[in-house]
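>>> The following comprises the amino acid sequence and a computationally predicted model.
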Amino acid sequence: MSAGHGQDTDIYLGSSVFQELKFWLVNLNSVIDQFFIFTDKNTGSFCLEQLTSCVSALKGAEIILIQGGEKNKSIKSVKFLWEALASKGASRHSLLINLGGGMITDLGGFVASTFNRGIPFIHIPTSLLGMIDASIGGKTGINLGNIKNQVGTFRLPKAIFIYPEFLCTLARYELLSGFAEIIKIALVADIKFWERLKLLHLPDLVNVKANMDIWEYLICSSVELKCRIVEQDFCDETVREILNFGHTIGHAIESLSLEKGVTPLSHGHAISLGMICESFLSVLKAGMKKIDQESIINMILTNYEYYPLSIMDSDFIMEFIDHDKKRRSTGARFSLLNAPGNAVYGIPCTPSEIIKSIDFYRTFV
Ligand code: GLY
């Protein structure tokens with residue numbers, strides 16, 4: 001599979017990926033003299049042993065561990081990693097293996113792309129979100145204060161190894177979080193995939209082991225679709241923006257729920273609610289049919305809990321979007337749907353249109 005920019009990232013998927021990783025590492029022997037595995041403490045306890053016991057070449061790898069959590073996707077962690085690599089003698093002949101969810105692959109990718117002006121790295125994503133989105137397409141990044149991914153690079157990993165069995169280690173809310181990005185990629189890029197998703201009963205899929213073939217199909221389809229989009233616009237200047245469907249309002253809802261504390265929404269949960277608002281905007285501004293809007297909302301509200309938004313919450317969301325707009329030169333532009341499977345990007349929406357979409361969301365209480 002090609003993951004963009006005219007360069008190939010080898011992407012392997014399935015229950016025998018560790019076998020493939022073994023061969024892949026053997027082929028590197030002449031150029032790589034040291035392996036580093038970067039992971040977080042939580043992933044380390046679930047997945048690291050599995051990896052190193054299957055891939056004997058990694059038994060002597062240097063392990064670099066950090067605490068998990070979005071707040072550690074920071075410049076402090078970058079410095080810690082740069083220093084760990086330097087003190088252990090890493091060079092361009094070292095391979096950094098990022099084992100973990102999106103936070104690890106974003107952070108590890110950033111460190112690998114900057115240390116020594118770039119050392120080779122691979123991703124072994126362990127979360128659903130990581131497998132189908134974060135590890136694909138060469139975006140690396142860290143947060144700057146409260147602003148997510150404000151500092152980063154575009155740099156492709158040499159390879160990505162997706163082991164769907166790792167999904168068995170995930171809590172239900174993490175599966176749901178990743179599933180929202182699967183819904184999104186279907187909606188922006190492939191009507192047939194969307195039609196198939198509508199037939200799935202998500203609560204059954206939470207038993208990952210019993211549904212491994214379906215999960216492999218979902219991951220493979222999502223990865224292929226994302227690669228196809230990234231190939232056309234690696235640096236996110238044009239068509240890659242369609243991947244932001246649901247994200248302009250979804251990010252604002254995510255940030256609101258974090259601000260309120262108690263039980264913040266997962267990223268995917270917030271994005272799914274953002275897709276409800278942005279489906280409304282898709283009807284208003286991009287000509288999507290109401291019947292399609294209804295099927296999208298039905299899919300989302302069947303699988304994701306409704307999160308009530310007050311009038312004051314709308315003010316927060318509008319301020320968040322306004323702030324975001326000021327950071328971008330493009331203004332408040334949305335990626336919307338003409339129809340399921342067909343997206344457009346760069347659509348300007350006025351504050352009153354955005355407020356209407358939130359009011360519309362509120363009618364589902
Ligand atoms: N997650 C959106 C992108 O990779 O462009």
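Now that the structure is in, tell me what you want to look at.
>>> CA only for contacts and neighbour counts going forward, please
OK.
>>> What parts of the stretch 1-150 of the chain come near the ligand?
Residues of the stretch 1-150 of the chain found near the ligand (Cα under 6 Å from any ligand atom) are Asp133, Ala134, Gly137.
>>> Just send the residues you listed back as JSON lines, with distance to Ile66, secondary structure and pLDDT too.
JSON lines is the format used below for these (distance: Cα to Cα, whole Å; DSSP: H, G, I helix; E, B strand; the rest coil; pLDDT from 0 to 100):
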{"residue": "Asp133", "distance to Ile66": "22", "secondary structure": "helix", "pLDDT": "98"}
{"residue": "Ala134", "distance to Ile66": "19", "secondary structure": "helix", "pLDDT": "97"}
{"residue": "Gly137", "distance to Ile66": "24", "secondary structure": "coil", "pLDDT": "97"}
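>>> Can you add neighbour count and give those residues back as a markdown table?
A markdown table is the format used below for these (neighbours: other Cα atoms under 10 Å):
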| residue | neighbour count |
| --- | --- |
| Asp133 | 23 |
| Ala134 | 21 |
| Gly137 | 28 |
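>>> where does the stretch 1-150 of the chain have low pLDDT?
1-7 (pLDDT under 70).
>>> again, 80 this time
By pLDDT under 80, the low-scoring segments of the stretch 1-150 of the chain are 1-8, 29-30, 146.
>>> Now do the buried residues in stretch 345-355.
Taking 16 or more other Cα atoms under 10 Å as the basis for neighbour counts, the residues of stretch 345-355 that come out buried are Tyr345, Gly346, Ile354, Ile355.
>>> wait, which of the residues of the stretch 1-150 of the chain next to the ligand is closest to Trp24?
Looking at these and their distance to Trp24, the nearest is Gly137, at 20.3 Å (Cα to Cα).
>>> could you check the distance from the closest one over to Arg240?
Here the distance between Gly137 and Arg240 works out to 10 Å (Cα to Cα, to the nearest Å).
>>> residues shared between the contacts of the two?
Listed as contacting both Gly137 and Arg240 by Cα atoms under 8 Å, 6 or more residues apart in numbering are Val230, Phe234.
>>> coming back round to it: now distance to Leu202 too, for the residues of the stretch 1-150 of the chain next to the ligand, in JSON lines please.
Written out in JSON lines, the entries for these read as follows (distance: Cα to Cα, whole Å):
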{"residue": "Asp133", "distance to Leu202": "19"}
{"residue": "Ala134", "distance to Leu202": "22"}
{"residue": "Gly137", "distance to Leu202": "26"}
